[in-house]
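*Asks:* Give me a model of this one.
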Amino acid sequence: MEDILGKEGNNFLEFDQALRPDSFEAYIGQEKVKENLAIIIEAAQGRGESIDHILLHGQAGLGKTTLALIMAKALAVPIRVASGPTLKKVGDLAAILSNLEPNTILFIDEAHRLNRMVEEFLYPAMESRKLHLIIGKGPGARTLSLDLPPFTLIAATTRADLLSSPLRSRFGATFKLDFYNNEDIKEIIRRSAKLLGVEVQSLAVEVLAKSSRATPRVANRLLKRARDYAQVKSNGVIDEEVALKTLKLLEVDEIGLENHDREFLRIIVETFNRGPVGIETLAAALCEERSVIEDVYEPYLMRVGFLKRTSAGRVVTEAALAHLNIKTKEQRMLDDYLK
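*Replies:* So this is what the prediction gives:
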């Protein structure tokens with residue numbers, strides 16, 4: 001973990017950092033979230049205070065980390081970055097909190113994966129800026145309270161529902177980042193292409209944007225792979241043909257579905273006759289963790305209308321059948337009978 005705005009922070013996400021916007025003006029999309037954050041920052045600066053603790057939630061790749069970095073720059077304060085799974089012991093968090101400078105932003109990614117003991121240790125730090133340490137063990141143990149400097153916790157999570165109610169209630173503001181519209185994704189691709197120094201034609205932008213799953217991170221990944229393809233297989237310019245061939249090579253279809261998405265839908269259709277099928281059964285059939293299915297597979301498939309969650313389980317829609325040109329077990333039996 002490093003001070004992003006200090007000298008040590010220059011190596012943080014070095015390559016992708018070049019594509020990250022560094023101001024609210026350069027950050028494309030999420031207009032309501034940006035407006036609210038800008039007001040919070042301006043008001044806190046006017047009072048000479050730290051901003052309230054903030055919770056950002058939404059699917060991976062939508063810009064939660066980028067927003068945290070932008071807020072730190074707008075406030076001209078250092079930012080420390082940590083990940084929920086790496087804070088395994090109370091001592092890990094205590095070491096971080098006790099070394100914070102005044103007004104520092106502490107950014108914790110994947111906050112839903114915080115150890116419960118560590119999470120409870122955060123409560124007095126967030127509420128009263130106190131650090132309660134237990135010294136010793138057994139009957140001779142005693143509690144030592146340390147005062148913390150003013151700081152702001154910005155937590156990011158893809159699963160806000162997994163955060164405990166006591167933790168959620170301690171944030172002064174909570175914002176959800178939604179999937180991006182197609183025009184914003186196209187603007188992000190054009191901006192990234194300019195930063196990468198690659199020429200990308202309008203039709204190619206359209207092709208890449210449609211396959212970007214309404215997510216900036218995916219859009220930038222596809223753009224970089226198209227740049228590689230254009231450099232090796234073409235004249236260095238990303239045109240429509242280069243974009244289409246890149247997607248074919250990556251096995252990404254015209255709306256952004258990848259092999260694992262198609263296999264996920266196919267198993268539900270062919271093995272479970274479109275569903276409904278329970279999440280645990282589905283996880284076993286796919287040899288995947290339940291959290292992977294809920295965090296990786298389902299959000300985009302539900303957004304494009306290919307999957308529904310019901311009280312009985314997951315169900316594949318008619319739109320998915322038409323897109324993938326696959327048939328249910330009953331349809332295959334009927335076709336065999338009619339032959």
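*Asks:* pLDDT weak spots in the stretch 1-150 of the chain?
*Replies:* 1-16, 133-142, 144 (pLDDT under 70).
*Asks:* Please enumerate the helices of the stretch 1-150 of the chain.
*Replies:* 14-17, 31-47, 64-75, 90-97, 116-128 (DSSP state H, counting those that start in this stretch).
*Asks:* Just tell me which of those ends up closest to residue 206.
*Replies:* Ranking these by proximity to residue 206 (Cβ to Cβ) places helix 31-47 first, at 22.5 Å. All C-beta spots, glycine's among them, are computed from the backbone N, C-alpha and C.
*Asks:* in that closest one, what counts as buried?
*Replies:* Within helix 31-47, the residues scored as buried using 16 or more other Cβ atoms under 10 Å are 33-34, 37, 40-41, 44.
*Asks:* Next, format those residues as TSV and append distance to residue 189.
*Replies:* Formatted as TSV, the buried residues of helix 31-47 follow (distance: Cβ to Cβ, whole Å):
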residue	distance to residue 189
33	21
34	20
37	24
40	30
41	28
44	34
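*Asks:* In this protein, which residue is most central in space?
*Replies:* residue 60 (1.8 Å; Cα atoms, centre = their mean).
*Asks:* Name the nearest of the buried residues of helix 31-47 relative to residue 273.
*Replies:* Closest to residue 273, out of all of the buried residues of helix 31-47 and judged by Cβ to Cβ, is residue 33, at 41.0 Å.
*Asks:* for the closest one, what are its contacts?
*Replies:* 56, 67, 175-177 (Cβ atoms under 8 Å, 6 or more residues apart in numbering).
*Asks:* Max pairwise distance over those: which two?
*Replies:* 67 and 176 (12.0 Å).
*Asks:* Compare these two (neighbour count), which wins?
*Replies:* Neighbours were tallied for residue 67 and for residue 176 using other Cβ atoms under 10 Å; the higher tally belongs to residue 67 (24 against 14).
*Asks:* show me the contacts for the nearest residue to the residue nearest to the centre of the chain once chain neighbours are set aside.
*Replies:* Distances taken as Cβ to Cβ, 6 or more residues apart in numbering place residue 158 nearest to residue 60, at 5.5 Å, with adjacent residues excluded. Applying Cβ under 8 Å, 6+ apart to residue 158 gives the contacts 57-60, 110, 112, 295.
*Asks:* What of residue 98?
*Replies:* With the criterion set at Cβ under 8 Å, 6+ apart, residue 98 makes contact with 131, 146, 148.
*Asks:* can you do 10 Å?
*Replies:* By Cβ atoms under 10 Å, 6 or more residues apart in numbering, the contact list for residue 98 reads 125, 131, 133, 146, 148-149.
*Asks:* Next: residue 162.
*Replies:* 111-114, 291, 294.
*Asks:* Distance of it relative to residue 303?
*Replies:* 20 Å (Cβ to Cβ, to the nearest Å).
*Asks:* cool, residue 292 as well?
*Replies:* From residue 292 to residue 303 the distance is 17 Å (Cβ to Cβ).
*Asks:* what do you get for residue 181?
*Replies:* For residue 181 relative to residue 303 (Cβ to Cβ), the value is 12 Å.
*Asks:* same thing with residue 59?
*Replies:* Where residue 303 is concerned, residue 59 sits at a distance of 9 Å (Cβ to Cβ).
*Asks:* Tell me the residues that contact both of the two, please.
*Replies:* Joint contacts of residue 59 and residue 303 (Cβ under 10 Å, 6+ apart) are 178-179, 213-214.
*Asks:* now the strands: where do they sit in the stretch 101-250 of the chain?
*Replies:* 104-109, 130-135, 142-147, 151-157, 173-176 (DSSP state E, counting those that start in this stretch).
*Asks:* Give me the residues contacting the shortest one.
*Replies:* Pointing back at strand 173-176 there. 30, 32-34, 36-37, 39-40, 51-59, 62, 64, 67, 154-155, 160, 163, 168.
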